[in-house]
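[1] give me coordinates for this.
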Amino acid sequence: MKKTTVNGVMFSCPTYLVRVKDGWQVRMPDEPTLLFSDGVYGGAEKSFEEALRVRSLKGPITGLSYPLAERERKHKKRPTGIPGVFLCEKFPKGKNVAEYQLQIRVPGIPIRTLYVGTTNTWENHYEEKLAEAKGLREQFVLQLLSPN
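    I've put the predicted structure just below:
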């Protein structure tokens, strides 16, 4: 969770709650921005409390900077059908064929790479490796969301 200091006081800001010049804003996707001014609420602490209360009504608050994608982007270069799993084509130095790999990307967890195959073999192994990548992503998401 992002931390912001105002007048020497540290605030933990959940996703979509941000500090602006003289107050706090709740910036939910596809909704109008809501401003909680320090002058109206009697200071940074009270305006933060109200903004946090309103933000908590809009959806669950997690420790993530941004929520995890629930569906794949529409304009993904090589769609895999799974958000956070990317098919990458690499051209190793000195080789005449490309290598294909699946990268599993979950915020806060190092990128995990699964080798799929070369230009000649990757299509034969793709479905098996994609299922493995899907399982790994699910494990990473559970690991990220579970309390320590």
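
[2] for the chain, name the helix or strand with the lowest mean pLDDT.
    Using mean pLDDT, DSSP states H and E, the weakest-scoring helix or strand in the chain turns out to be strand 2-6, at a mean of 85.

[3] pull out the buried residues from it.
    Neighbour counts over strand 2-6 (16 or more other Cβ atoms under 10 Å) mark residue 6 as buried. From N, CA and C alone the C-beta is placed, and that goes for glycine too.

[4] just stretch 134-145 next, same as before
    Quick answer for stretch 134-145 (16+ other Cβ under 10 Å): 134, 136, 137, 140.

[5] give me the contact list for the helix or strand just after the least confident helix or strand of the chain.
    With elements assigned by DSSP states H and E, the helix or strand that comes after strand 2-6 is strand 9-13. Applying Cβ atoms under 8 Å, 6 or more residues apart in numbering, the external contacts of strand 9-13 come out as 1, 2, 3, 4, 5, 19, 44, 45, 48.

[6] what number of residues lie near the closest residue to the second one other than its chain neighbours?
    Using Cβ to Cβ, 6 or more residues apart in numbering and skipping the chain neighbours, the partner closest in space to residue 2 is residue 13 (4.8 Å). Using other Cβ atoms under 10 Å, residue 13 has 18 other residues around it.
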